[in-house]
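Colleague: Sequence plus predicted model, see below.
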Amino acid sequence: MRLGVKCPRGARTCRSLVSWVCQSRIIGQHKLLLLPFYSFVQRYMTAYQQNVAQIMAYLAQACHELVPPNELVPVVKAIANNFVVDRVPPEAIQVGLNGLREVLSRTPLVLEEDGMGALIKVCRAARLPWCTARMCVCA
């Protein structure tokens, strides 16, 4: 079975990426509650992380409506603080906004938690050139 993972740096990197793919798909498909997975992924939510778009996709795959919102709030805040800021390249901001959109579309109860109102206000107030992704997240 081909999982669509390229091995750019050798067997160890390839094994870890395949492991992430399998874990995220199993968590999402079977609606498992592996809560340490989300805090583990949070460590890799930086704009300059290698393969950050893939990691964001794995996070989105692992999110489902049964995950407690208080487990995802730190991850969503980490994405917002590390990606939706002016000090990172526009491509990283786009990846962050798209990742936020996917996570929030799969688990909309995260927006009802304390502190998420500030994220929405910042999104709406920001004058960013990538308005389509921003509006998808903030709408």
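Modeller: Noted; the coordinates are in hand. Numbering: from 1, shown residues only.
Colleague: use CA for all of it now, contacts and neighbours both
Modeller: OK.
Colleague: Could you list every helix and strand in contact with the helix or strand where residue 78 lies?
Modeller: Residue 78 is part of helix 69-83, with elements assigned from DSSP states H and E. Helix 69-83 is packed against helix 35-42, helix 90-106, helix 116-125, with contacts defined by 3 or more C-alpha pairs under 8 Å, 6 or more residues apart in numbering; DSSP states H and E.
Colleague: Remind me what the longest helix along the chain packs against, helices and strands.
Modeller: Longest helix in the chain, counting residues (DSSP state H): helix 11-30. If you count contacts as 3+ C-alpha pairs under 8 Å, 6+ apart, helix 11-30 packs onto helix 52-62.
Colleague: what does the helix holding residue 78 contact?
Modeller: Residues outside helix 69-83 that contact it (C-alpha atoms under 8 Å, 6 or more residues apart in numbering): 35, 38-39, 41-42, 45-47, 92-93, 95-97, 100, 107, 109-110, 113, 116, 119.
Colleague: what stretches of this protein score poorly on pLDDT?
Modeller: In the predicted model of the chain, residues 1-15, 17, 114-139 satisfy pLDDT under 70.
Colleague: returning to what we had before: what angle do the longest helix of the chain and helix 90-106 make?
Modeller: 30 degrees (axes from the mean of the first three to the mean of the last three C-alpha atoms, to 10 degrees).
Colleague: re earlier: how about the helices and strands packed on helix 69-83 in a markdown table, adding mean neighbour count and distance to residue 82?
Modeller: Converted to a markdown table, the helices and strands packed on helix 69-83 look like this (neighbours: other C-alpha atoms under 10 Å; distance: least, C-alpha to C-alpha, whole Å):
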| stretch | mean neighbour count | distance to residue 82 |
| --- | --- | --- |
| helix 35-42 | 15 | 11 |
| helix 90-106 | 21 | 8 |
| helix 116-125 | 14 | 13 |
